[in-house]
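Engineer: sequence unavailable; structure follows:
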């Protein structure tokens, strides 16, 4: 796998695949893909694929996801996500489980995390996750 991978959250992919999606965001993702730096984990791929509009869209997204760097959400990721969720809850922050798993993936694999989801910034305030909040417009 190339170094400096970028884990791209479903919140970005959804905008990317939207016909009227933001041009700047789309170009950033295209540049990342062209450099072979785009990465997903199994949950991101599932979230994006399940949102396809039709059979052709599902097939296209499935093919795309298979071409990106796949970061396995292995036992290290699950354990880190659980401890982060527990620690955040003890200070009064409730973060969706899927976001914890995605953030833990970025942390374990030392990737920048591209997103359009406020939860990742909350997590990054407490953990050394490099984030890039891509605006949709």
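Structural biologist: Structure received. Everything quoted here is computed from the prediction, not taken from an experiment. Residues are numbered from 1 along each chain as shown.

Engineer: residue 33 versus the residue nearest to the spatial centre of the chain, what's the distance?
Structural biologist: Per Cα atoms, centre = their mean, the C-alpha nearest to the average position across the chain is that of residue 9, at 2.1 Å. Residue 9 sits 15 Å away from residue 33, taking Cβ to Cβ, to the nearest Å as the criterion. Just so you know, the C-beta spots here come from the backbone N, C-alpha and C atoms, and that holds for glycine as well.

Engineer: what is the host helix or strand of residue 131 packed up against?
Structural biologist: Element membership of residue 131 [criterion: DSSP states H and E] is strand 130-133. For strand 130-133, the packing partners by 3 or more Cβ pairs under 8 Å, 6 or more residues apart in numbering; DSSP states H and E come out as strand 112-115, helix 118-124.

Engineer: now mean neighbour count too, for these, in JSON lines please.
Structural biologist: Output for the helices and strands packed on strand 130-133, formatted as JSON lines (neighbours: other Cβ atoms under 10 Å):
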{"stretch": "strand 112-115", "mean neighbour count": "22"}
{"stretch": "helix 118-124", "mean neighbour count": "18"}
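
Engineer: if I average pLDDT within each of those, which one is lowest?
Structural biologist: If you rank the helices and strands packed on strand 130-133 by mean pLDDT, helix 118-124 sits at the bottom with a mean of 94.

Engineer: what are the contacting residues of it?
Structural biologist: 9, 84, 88, 93, 95-96, 99-100, 102-103, 113, 129-131, 133 (Cβ atoms under 8 Å, 6 or more residues apart in numbering).

Engineer: show me the two of those residues that sit farthest apart.
Structural biologist: 96 and 130 (20.2 Å; Cβ to Cβ).
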